[in-house]
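J.: Return a 3D structure for these sequence lines:
(2 chains)
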Amino acid sequence: MRRGSVGAGLLLAACLALSVALVRRTDEQRAATARDEVLYLHSPALLRRLSLGHEGLVADLYWTRAVQYFGMRHHARKGTFPLLDPLLEIATALDPKLTVAYQFGASFLSPPPPDGAGQPEKAIELVEFGIRHNPEKWRLFYNLGFIYYLEMKDYARASEAFGRGAKVPGAHPFLRVLAAQTAEHAGEVETARLLWETTLESSTDPLVRENARTHLRGLQ
Amino acid sequence: MTVLTIARSTFREAARDRVLYSPAVFAVLMTGAAILVGQVSIGIERQVVINLGLAAVTFFGVIVAILVGTGLVAKEIQKRTLYTVLSRPVERWQFVAGKFVGLAGTLAINGGLMGLGLLAALRYVSPGFSGADAWVLVAVYFILLQLLMVCGLALLFSTFSSPLLAGVFSFALFVLGNFAQELRDVAQSGAGWVHRLMVGATYLMPNFSAFNVAAGVAHGESIASLLILHNSIYAVTYTGMVLCAAVLAFEWRELQ
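T.: Predicted structure coming up:
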């Protein structure tokens, strides 16, 4: 190997190491908020146009950002999530079929802090928007009834939501039972247990199942 | 025969320019994205692979179509090989058609390989193929149709302007083509000759609105066969119109 090549290679490695060290140093000095908590573009219509026909990809990015944002603030026990609702609104406006954003987004928004954003009314808006665009997804009705029952303590509306969901073709048979149970035995521990057991039984997602198990343990 | 000979030479030239390396970059990108998204998000691995894959096919395809397409005629003039070709019994329209077929073939092979890479990445995130995967291939087909139109536009501009300007014009029309529906709605609201001029201008630019089906197929939605037929006919018609314009521009061009 020529001496010039060896010298250039060594210099390249040294410059790379120095630049990495400088970037890391700069990152440490920057406030964390400056990196994570700024939403530059609020308009889904503008983002749709900027995406040049790939709004689904932009929606995926915003949903991922919502997950990361919630996860980081939840882990840091910050207790407030001011950007969570706008992030979810943008993701779902860009891709109204992104049902995962309604299901998980509602469970991020509705519980009281520090476990969630304490915005059950926003969670209801989000899920209702999802139902308007995906009326064939019975699980969204289940999510809606769940929020009304556990977070809003509005048992009549919870029963109504479960009842609406039970009418969707292919809906889980438990929805009919839940509709009757919430109407007749509102506020009872057994009803709450039934809700969480249905969640545990009907979900395949490990995070949702673990959450359901935790709540069931709490009810014992 | 002459058209095919020029097409083969154009294809070989594109291959020499390492244009066909882009599917390899694509494969690495897709595999990396599939692994990364599984770690940082919830429940959207399949959607991300499809959305990112289709966006990447578009991005790489447009780059290749514009970079190669805009240099097709200019390079031949610069290297003075055009004069050698035209001194033989080759008509100018045959030269333009051959260049187009060569580049369209390069784009089709490139896009086809990336489509297969996309299917492989889908296989990685969700084992086994489903009927919905066929719609992903239709979405790739729609992107290839868009690329054909962009390729035609790049060739048209390359017949009368510099590669740089031809690149700017082609890319601008690609962007405007994605806003064609909105632009037409705005144009419809005018009145008088301005209105007619604006509406006419919107029909001259490509309309890509109906080709963007990525978000739907990512959720397993089917694509109507009428849309497939309509888009195919539109792409062929529009590309034919642009190629005729390219032939006219090239016929009128003084070559010294």
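
J.: Show me what from the stretch 1-150 of chain B comes close to chain A.
T.: Contacts of the stretch 1-150 of chain B with chain A, taken as CB under 8 Å from any CB of the partner chain, map to B:37, B:40-44, B:47-48, B:50-52, B:54-55, B:58. C-beta coordinates here come from the backbone N, C-alpha and C atoms, glycine included.

J.: Turn those into TSV, columns for secondary structure and distance to residue A:58.
T.: Listed next are the residues of the stretch 1-150 of chain B next to chain A as TSV, based on DSSP: H, G, I helix; E, B strand; the rest coil; distance: CB to CB, whole Å:
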residue	secondary structure	distance to residue A:58
B:37	helix	14
B:40	helix	16
B:41	coil	14
B:42	coil	17
B:43	coil	17
B:44	coil	13
B:47	helix	12
B:48	helix	11
B:50	helix	14
B:51	helix	9
B:52	helix	11
B:54	helix	13
B:55	helix	9
B:58	helix	14
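
J.: Next up, phi/psi of residue 143, please.
T.: Went with chain A since none was named. Note on residue A:143: backbone dihedrals following degrees, to the nearest 10 are phi -60, psi -40.

J.: could you do chain B instead?
T.: Torsion angles, degrees, to the nearest 10, at residue B:143: phi -70, psi -40.

J.: What about it, how many residues nearby?
T.: By the measure other CB atoms under 10 Å in any protein chain shown, the count of residues near residue B:143 is 28.

J.: Please apply the same query to the one 3 residues further on.
T.: Applying other CB under 10 Å, we find 24 other residues in the vicinity of residue B:146.

J.: again with residue A:128
T.: Number of residues near residue A:128 (other CB under 10 Å) recorded here: 13.

J.: Show the contacting residues for it.
T.: Counting by CB atoms under 8 Å, 6 or more residues apart in numbering or on different chains, residue A:128 touches residue A:144.

J.: my read: residue A:174 touches residue A:200, true?
T.: No: if you go by CB atoms under 8 Å, residue A:174 and residue A:200 don't touch, sitting 11.3 Å apart.

J.: and the stretch 151-256 of chain B, which residues reach chain A?
T.: Close to chain A, as judged by CB under 8 Å from any CB, the stretch 151-256 of chain B has residues B:175, B:178-179, B:182, B:208-209, B:211-212, B:214-216, B:218-219, B:221.

J.: picking that back up, which two from the residues of the stretch 1-150 of chain B next to chain A end up farthest apart in space?
T.: Within the residues of the stretch 1-150 of chain B next to chain A, B:42 and B:58 form the most distant pair, 26.2 Å apart (CB to CB).

J.: Compare those two (neighbour count), which wins?
T.: Counted by other CB under 10 Å, residue B:42 and residue B:58 do not tie: residue B:58 has more neighbours, with 28 against 21.

J.: who touches that one in this structure?
T.: Contacts of residue B:58 by CB under 8 Å, 6+ apart are A:52, A:53, A:54, B:143, B:146, B:147.

J.: Using CSV, lay out those together with pLDDT, distance to residue B:17 and secondary structure.
T.: What follows is those, written out as CSV (pLDDT from 0 to 100; distance: CB to CB, whole Å; DSSP: H, G, I helix; E, B strand; the rest coil):
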residue, pLDDT, distance to residue B:17, secondary structure
A:52, 88, 25, coil
A:53, 86, 27, coil
A:54, 89, 27, coil
B:143, 94, 21, helix
B:146, 94, 22, helix
B:147, 93, 17, helix
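
J.: Could you export those residues as TSV, including distance to residue A:194?
T.: Compiled in TSV, the contacts of residue B:58 are given as follows (distance: CB to CB, whole Å):
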residue	distance to residue A:194
A:52	48
A:53	45
A:54	43
B:143	48
B:146	52
B:147	55
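
J.: of those, closest to residue A:16?
T.: residue A:54 (32.9 Å).

J.: how much space between the closest one and residue A:118?
T.: 34 Å (CB to CB, to the nearest Å).

J.: These two: which has the busier surroundings?
T.: Remark: of residue A:54 and residue A:118, residue A:54 carries more neighbours, 23 against 17, as counted by other CB under 10 Å.

J.: Residue A:48: neighbour count?
T.: So residue A:48, with other CB under 10 Å, has 19 neighbours.

J.: Repeat that for the one 5 residues further on.
T.: Using other CB under 10 Å as the criterion, residue A:53 is surrounded by 24 other residues.

J.: same question, residue B:67
T.: 16.

J.: That one sits in which helix or strand?
T.: helix B:45-69 (DSSP states H and E).

J.: Buried residues of that helix, list them for me.
T.: For helix B:45-69, a neighbour-count test (16 or more other CB atoms under 10 Å in any protein chain shown) marks B:45-62, B:64-69 as buried.

J.: which SS state does residue B:129 fall under?
T.: Following DSSP: H, G, I helix; E, B strand; the rest coil, we place residue B:129 in the coil state.

J.: Run a quick check on it versus residue B:123, I expect a contact.
T.: Yes: here residue B:129 reaches residue B:123: they are 7.0 Å apart, a contact under CB under 8 Å.

J.: before we move on, back to that, more crowded one of residue A:174 and residue A:200?
T.: Legend: neighbour count by other CB under 10 Å for residue A:174 and residue A:200, higher for residue A:174 (20 against 16).

J.: out of everything not next to it in sequence, what's closest to the more buried one?
T.: Take residue A:174 and drop its neighbours on the chain: the residue closest to it by CB to CB, 6 or more residues apart in numbering or on different chains is residue A:198, 4.7 Å away.

J.: can you list the residues that contact the helix or strand containing the one you found?
T.: Assigned by DSSP H and E, residue A:198 belongs to helix A:189-202. Helix A:189-202 is touched from outside by A:139, A:142, A:146, A:149-150, A:172, A:174, A:177-178, A:181-182, A:185, A:208-209, A:211-213, A:215-216, A:219, with contacts defined as CB under 8 Å, 6+ apart.

J.: who touches the next helix or strand after it?
T.: Counting by DSSP H and E, the element after helix A:189-202 in chain order, helix or strand, is helix A:206-219. Helix A:206-219 has contacts (CB under 8 Å, 6+ apart) with A:107, A:189, A:192, A:193, A:196, A:197, A:199, A:200, A:203, B:42.

J.: What subset of those is buried?
T.: Among those, the ones that count as buried by 16+ other CB under 10 Å are A:107, A:192, A:196, A:199, A:200, B:42.

J.: quick one, phi/psi of the last one?
T.: Looking back up the chat, that one is residue B:42. Per-residue torsions, residue B:42: phi -130, psi 120 (degrees, to the nearest 10).

J.: Make sure it is actually in contact with residue A:107.
T.: No: look at residue B:42 against residue A:107 with CB under 8 Å: they stay out of range, at 10.6 Å.

J.: Show me which residues of chain A are close to chain B?
T.: So chain A meets chain B at A:49, A:52-57, A:59-60, A:63-64, A:67-68, A:94-95, A:97-98, A:100, A:104, A:205, A:207 (CB under 8 Å from any CB).

J.: From those, which land in helices?
T.: Within the residues of chain A next to chain B, residues falling in helices by DSSP state H are A:49, A:55-57, A:59-60, A:63-64, A:67-68, A:94, A:100, A:104, A:207.
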